[in-house]
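Colleague: Show me how the following folds:
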Amino acid sequence: MINQKSRLFYASIAIVAAIAVFFYFYKYRAPTKDKVETTEEALEVLSEAPPVVVETNPVKKVPNLNPVEKVNPFKTPNPFE
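Modeller: Below is the predicted model of the structure:
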């Protein structure tokens, strides 16, 4: 008798969890764009250019080109500094 009650309990918990997951994904799913039905609408959608981000900071990706660190085999500090 106890085994049957525990099965019913676990089955009800599983059903409640499945319903909660369904409503969560139903409510918070990503909004979809409207469907394209005609060829003209398809051409319009395909001809739209995606937004382009242009980097305006020219110093952002400058490589480290210090020749002294590459050529000097001795790692001694500069005595004149």
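Colleague: burial of Val36, as a residue count?
Modeller: As a burial measure, Val36 scores 13 neighbours (other Cβ atoms under 10 Å). (Glycine included, C-beta is placed from N, CA and C.)
Colleague: Which of the three states applies to the residue nearest to it when sequence neighbours are not counted?
Modeller: Leaving aside its chain neighbours, Val36 sits nearest to Ala42 (4.8 Å; criterion: Cβ to Cβ, 6 or more residues apart in numbering). Under the three-state scheme (DSSP: H, G, I helix; E, B strand; the rest coil), Ala42 adopts helix.
Colleague: Convert the C-alpha atoms of stretch 43-52 to CSV, please.
Modeller: C-alpha atoms of stretch 43-52 as CSV (Å, rounded to 0.1, in the frame of the first residue of the first chain):
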residue,chain,number,x,y,z
LEU,A,43,13.4,40.3,-51.0
GLU,A,44,12.8,43.1,-48.6
VAL,A,45,13.9,41.1,-45.7
LEU,A,46,17.0,39.8,-47.5
SER,A,47,18.0,43.2,-48.8
GLU,A,48,18.2,44.8,-45.3
ALA,A,49,21.8,45.2,-44.3
PRO,A,50,22.8,44.2,-40.8
PRO,A,51,24.1,47.0,-38.5
VAL,A,52,27.8,47.4,-38.8
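Colleague: Name the helix or strand of this structure that has the lowest mean pLDDT.
Modeller: helix 67-71 (a mean of 70; mean pLDDT, DSSP states H and E).
Colleague: show me where pLDDT drops low in the chain?
Modeller: In the predicted model of the chain, residues 1-2, 30-34, 68-69, 72-74 satisfy pLDDT under 70.
Colleague: The longest helix anywhere in it - contacts with which helices or strands?
Modeller: Longest among the helix segments of the chain by residue count, using DSSP state H, is helix 2-28. Using 3 or more Cβ pairs under 8 Å, 6 or more residues apart in numbering; DSSP states H and E, no helix or strand is in contact with helix 2-28.
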